[in-house]
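Asker: Next one to model:
(chains A and B)
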Number of protein chains: 2
Amino acid sequence: MKRKKIKAALLGLGTVGGGVYKLIQRRRDVMEQTIGAQLEIVKILVHDLHRKREGVDVSLLTDNWKEILENEEIEIVIEVIGGIEPAKTMILQALRAGKHVVTANKDLIAEQGRELLSAAEENHTDLLFEASVAGGIPIIRPLKQCLAANEITDVVGIVNGTTNYILTKMFEENMSFESALEKAKELGYAEADPTADIEGLDAGRKVAIMASIAFHTRVVFGNVYTEGITKITEKDIAYAKELDCVIKLLGVAHNTADGIEVGVYPMLLKKEHPLASVRDSFNAVFVHGDAVDDAMFYGRGAGEFPTASAVAGDVIDVARDIQYGCTGRISCTCYKETLIKEFQEVENKFFLRMQVKNQPGVLACITQIFGNHKVSIVRVVQKYVEDTKAELVIVTDKVKEGYIKNALKELEELEDVYEISSVIRAYL
Amino acid sequence: MKRKKIKAALLGLGTVGGGVYKLIQRRRDVMEQTIGAQLEIVKILVHDLHRKREGVDVSLLTDNWKEILENEEIEIVIEVIGGIEPAKTMILQALRAGKHVVTANKDLIAEQGRELLSAAEENHTDLLFEASVAGGIPIIRPLKQCLAANEITDVVGIVNGTTNYILTKMFEENMSFESALEKAKELGYAEADPTADIEGLDAGRKVAIMASIAFHTRVVFGNVYTEGITKITEKDIAYAKELDCVIKLLGVAHNTADGIEVGVYPMLLKKEHPLASVRDSFNAVFVHGDAVDDAMFYGRGAGEFPTASAVAGDVIDVARDIQYGCTGRISCTCYKETLIKEFQEVENKFFLRMQVKNQPGVLACITQIFGNHKVSIVRVVQKYVEDTKAELVIVTDKVKEGYIKNALKELEELEDVYEISSVIRAYL
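Answerer: Numbering: from 1, shown residues only, chains lettered A, B, ... in the order given. Take a look at the predicted model:
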């Protein structure tokens, strides 16, 4: 096979872009040996041509997208700008021009995946996006290829490093949410505006992408119920410990007999579960398939080089496909249209904490209301008493979200219930 | 693209073979949708044509290898017989006849991988073997593709479920090695002759395969130092707990500045290490690369369906390669010839336990001998005293295997050293 030179352009030279550029330079020899072709980044699209960028050949920089799009020698476009536009337009134009695309853009894939993959399919081009979920952790390729013979029923992941760092600090060092968030900001794990992380939006996009692949049905970000970790208190953590549990922000996707469930929310998780020992800013994705049984993929979910590792792995795959003339080999695998459940139909167990009047008959009244709303109670403990006030900790059996919501609404209206302090789902 | 029918033959119909057959039947629709081709098993090679086999179409069975080899319609051969011969001859003949091969055969790949992969390369055929390491866990494809942009320096795995089950029982339920082995036999985890598992030979083959791929250098089973778990006692487990460690049988492969280190041996491992929480018969492989940082792959390392999951995943990949005309796309990646270190040159930390005379001056004498042999001591605790006898627990710094071996030999000759009870490496 003749040694070909494959030319690529990089869109964006931020943290990830810089990592990709450096890594591809660093691995020239490996690429040549394993692909049988030379891979070269010949253009880099940036906003500001004049900003100083260490270690980057200035002659590669351009601020003119057309210079890349219209250059027929460029076969691969690596998009690491992020966000919907202009990334979407550029990717579509690149695909339609017959170029292959590698992207790390979770927002885009989670919201417009179908349109982009269709464009790739029509043009027999590769569109790979391993880096869009869980950074450096191989998860897309394992789901699409290694586990392809499985009917996958569960994908449950810790897919946001910032919140996992915060929850680890709260759990291991008894920090408050606020102090842990401050610490995460200091270390650069959390952004100045941490909303997308702590409210579960970032994790929600990743869940949409993983569910689409695992269940062969297009799931978009809008389908994913999201709830963050801002309401988790030190008391919740302490009770979780008593129950031999940790609290983790989980991205949850189940393929049940009556439809797909997708959501992101904090959950109590038994200490023995493989996800429970995932600490600090690490990510992990737990998968259950009918043949493989339980499997888990663990690693760094963000960062310059871990993300670049996934992007560059995809680039190598595309280059190999070009070399062997088989681009477009693996495209969209969403050939089903499984129903996605309304969130109120989803069933979960719950951990509840509430402040009630310390008086005979109150518990009977509360359990009666739960019973009326089809909520089975597994465990009730009166945890703390202060004259007229008692704290109740209740663990329920699996119950539909709609039912528990109604039960809690009715309880909130009771005079004897002072406060419903915590409502946390439990994966027990 | 036209929908083609791809025909495959299965060699062997034992536990794994049966799983592969059932799984491929079960996933007909998925295969058609994702590959764009129908996949059918048209022949099954068995020893005994007359044995009753539930759920298998008798007309597929044959005991004549030539019937498969000479059938030009059969494009894929799935080898799940195991062992070196006749599997090796059959695989070579199949490859030379232009057929693609999927195998779960770790013995063969670990010992004859180069010859088989060369034959595949010469004939532009696929030879895939994901199931040969860690059963259902995706590890070969992640190493060859997803992490291809990394310089991988460490692959450390729990790759034998039997021994991990035994060590888990010893650790969590204070069982002796013997009782735990009995329990493993009862559950079918350990074979009647458990030597290959408990002496680390099975793990050694998997380490050879993983090291070859990770370090781009052919490592064969003969290069791997192996030591089993038969000498681990309840006392070692108790001391490990005191040091906040677990004991695991690890397959270890490091790519250091002065060569490749490969071995299998029990090790003390800090409880926080991701491998420490891998319990029961589960397997996991921990990988460190310069870009991805730490990553881990966890799941079932054996069993009918987990192994079939990996085999069938490979078969789907081959079928897709046939469909897209790109077979032979990923073959041998061992293009380097990195030196493999002699085991006595390998450096490890050690946990040592010995019975010595309880008398002033003995410790000085022992530490002097360690010093003479370049062994640095990090910690010495006198754990137990009984009149004239004391138990010493010593943790060393990193030291070459050759040096510690010499030191221990000299200590054994001392009159004041009654017994060297444990020598366990430590990954601290």
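Asker: how would you label A:Val264: helix, strand or coil?
Answerer: strand (DSSP: H, G, I helix; E, B strand; the rest coil).
Asker: Next, count neighbours for it.
Answerer: 30 (other CB atoms under 10 Å in any protein chain shown). To be clear about C-beta, it is placed using only N, CA and C from the backbone, and glycine gets the same treatment.
Asker: The nearest residue to A:Ser281 once chain neighbours are set aside and chain B, how far apart?
Answerer: Among residues not flanking A:Ser281 along the chain, A:Gly161 sits closest, at 3.6 Å (CB to CB, 6 or more residues apart in numbering or on different chains). A:Gly161 is 12 Å from chain B, where distance means CB to the nearest CB, to the nearest Å.
Asker: what's the distance between the most far-flung residue of chain A relative to its centre and A:Thr367?
Answerer: What lies farthest from the middle of chain A is A:Pro360; by CA atoms, centre = their mean that is 46.2 Å. Noted for A:Pro360: a distance of 13 Å to A:Thr367, by CB to CB, to the nearest Å.
Asker: Check A:Val356 too.
Answerer: In terms of CB to CB, A:Val356 sits 12 Å off from A:Thr367.
Asker: what's the answer for A:Glu345, then?
Answerer: For A:Glu345, the distance to A:Thr367 - CB to CB - is 24 Å.
Asker: all helices of the stretch 151-300 of chain A, in order?
Answerer: If DSSP state H, counting those that start in this stretch is used as the criterion, the helices of the stretch 151-300 of chain A fall at A:161-173, A:177-186, A:195-198, A:201-215, A:234-242.
Asker: Can you lay out the ones you listed as TSV showing mean neighbour count and mean pLDDT?
Answerer: As requested, these are arranged in TSV below (neighbours: other CB atoms under 10 Å in any protein chain shown; pLDDT from 0 to 100):
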stretch	mean neighbour count	mean pLDDT
helix A:161-173	22	97
helix A:177-186	17	97
helix A:195-198	19	97
helix A:201-215	27	97
helix A:234-242	17	96
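Asker: Can I get those helices in TSV including distance to B:Asp202?
Answerer: TSV is the format used below for those (distance: least, CB to CB, whole Å):
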stretch	distance to B:Asp202
helix A:161-173	35
helix A:177-186	43
helix A:195-198	43
helix A:201-215	31
helix A:234-242	39
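Asker: A:Ala119 is nearest to which of the ones you listed?
Answerer: A:Ala119 lies closest, by CB to CB, to one member of the helices of the stretch 151-300 of chain A: helix A:201-215, at 16.3 Å.
Asker: CA atoms only for the closest one, dumped as CSV, please.
Answerer: Extracted C-alpha coordinates of helix A:201-215, given in CSV (Å, rounded to 0.1, in the frame of the first residue of the first chain):
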residue,chain,number,x,y,z
LEU,A,201,-27.1,20.1,31.8
ASP,A,202,-23.6,19.1,30.7
ALA,A,203,-24.3,15.5,31.9
GLY,A,204,-27.7,15.6,30.2
ARG,A,205,-26.2,16.1,26.7
LYS,A,206,-23.8,13.2,27.2
VAL,A,207,-26.7,11.0,28.3
ALA,A,208,-28.7,11.9,25.2
ILE,A,209,-25.7,10.8,23.0
MET,A,210,-25.1,7.6,24.9
ALA,A,211,-28.7,6.6,25.0
SER,A,212,-29.1,7.2,21.2
ILE,A,213,-26.2,4.8,20.5
ALA,A,214,-27.0,2.2,23.1
PHE,A,215,-30.7,1.9,22.3
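Asker: If you count neighbours, what's buried in stretch A:92-110?
Answerer: For stretch A:92-110, burial by neighbour count (16 or more other CB atoms under 10 Å in any protein chain shown) applies to A:92-95, A:97, A:99-110.
Asker: same question, stretch A:24-40
Answerer: A:Ile24, A:Arg26, A:Arg27, A:Val30, A:Met31, A:Thr34, A:Ile35, A:Gly36, A:Ala37, A:Leu39.
Asker: Now, those residues that are in strands?
Answerer: Within these, residues falling in strands by DSSP state E are A:Ala37, A:Leu39.
Asker: how many other residues sit next to A:Glu73?
Answerer: Residues near A:Glu73, counting by other CB under 10 Å: 10.
Asker: How much space separates A:Arg26 from A:Ala37?
Answerer: Counting by CB to CB, the gap from A:Arg26 to A:Ala37 is 17 Å.
Asker: got the contact list for the spatially closest residue to A:Thr162 that is not a sequence neighbour?
Answerer: In space, not counting the residues next to it along the chain, A:Thr162 is nearest to A:Asp197; the distance is 4.0 Å by CB to CB, 6+ apart. A:Asp197 makes contacts with A:Asn160, A:Thr162, A:Thr163, A:Ala190, A:Glu191, as judged by CB atoms under 8 Å, 6 or more residues apart in numbering or on different chains.
Asker: before we move on, what about A:His373?
Answerer: A:Tyr403, A:Ile404, A:Asn406, A:Ala407, A:Glu410.
Asker: What does the pLDDT read for A:Lys409?
Answerer: Note for A:Lys409: predicted pLDDT of 97.
Asker: Could you tell me which residues of the stretch 251-400 of chain A lie near chain B?
Answerer: The stretch 251-400 of chain A comes close to chain B at residues A:272, A:274, A:276-279, A:282, A:284, A:289-300, A:303, A:305-306, A:308-310, A:312-313, A:315-317, A:320-321, A:324-326, A:329-330, A:333, A:335, as judged by CB under 8 Å from any CB of the partner chain.
Asker: which SSE is A:Glu111 in?
Answerer: helix A:106-122 (DSSP states H and E).
Asker: A:Glu391 too?
Answerer: With DSSP H and E as the criterion, the answer for A:Glu391 is strand A:389-396.
Asker: buried ones in that strand?
Answerer: Applying 16+ other CB under 10 Å to strand A:389-396 flags A:Ala390, A:Glu391, A:Leu392, A:Val393, A:Ile394, A:Val395, A:Thr396 as buried.
Asker: partners of it in the sheet?
Answerer: Sheet pairing for strand A:389-396, assigned by DSSP bridges, gives strand A:347-357 (antiparallel), strand A:377-386 (antiparallel).
Asker: List of residues touching that strand?
Answerer: Contacts for strand A:389-396 (CB under 8 Å, 6+ apart): A:239, A:243, A:349-358, A:362-363, A:366, A:370, A:375-385, A:404, A:418, A:421, A:426, A:428.
Asker: Equivalent analysis for stretch A:399-413, please.
Answerer: So stretch A:399-413 is contacted by A:343-350, A:352, A:354, A:366, A:369-370, A:372-376, A:396, A:417, A:420, A:423 (CB under 8 Å, 6+ apart).
Asker: which of those residues are buried?
Answerer: A:343, A:346-350, A:352, A:354, A:366, A:369-370, A:373, A:375, A:396, A:417, A:420, A:423.
Asker: okay, the angle between the longest helix seen in chain A and helix A:161-173?
Answerer: In chain A, assigned by DSSP state H, the helix with the most residues is helix A:304-323. Between helix A:304-323 and helix A:161-173, the angle comes out at 140 degrees (axes from the mean of the first three to the mean of the last three CA atoms, to 10 degrees).
Asker: pull the CA atoms of helix A:304-323 into CSV?
Answerer: Listed next in CSV are the C-alpha coordinates belonging to helix A:304-323 (Å, rounded to 0.1, in the frame of the first residue of the first chain):
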residue,chain,number,x,y,z
GLU,A,304,-6.6,19.2,27.4
PHE,A,305,-4.9,15.8,26.8
PRO,A,306,-7.5,13.3,27.8
THR,A,307,-10.0,14.9,25.4
ALA,A,308,-7.2,15.2,22.8
SER,A,309,-6.6,11.5,23.2
ALA,A,310,-10.2,10.7,22.1
VAL,A,311,-10.1,13.3,19.2
ALA,A,312,-6.8,12.0,17.9
GLY,A,313,-7.9,8.4,18.2
ASP,A,314,-10.9,9.3,16.0
VAL,A,315,-8.6,11.1,13.5
ILE,A,316,-6.4,8.0,13.3
ASP,A,317,-9.5,5.9,12.6
VAL,A,318,-10.6,8.3,9.8
ALA,A,319,-7.2,8.4,8.3
ARG,A,320,-7.1,4.6,8.3
ASP,A,321,-10.6,4.5,6.6
ILE,A,322,-9.3,6.9,4.0
GLN,A,323,-6.2,4.7,3.4
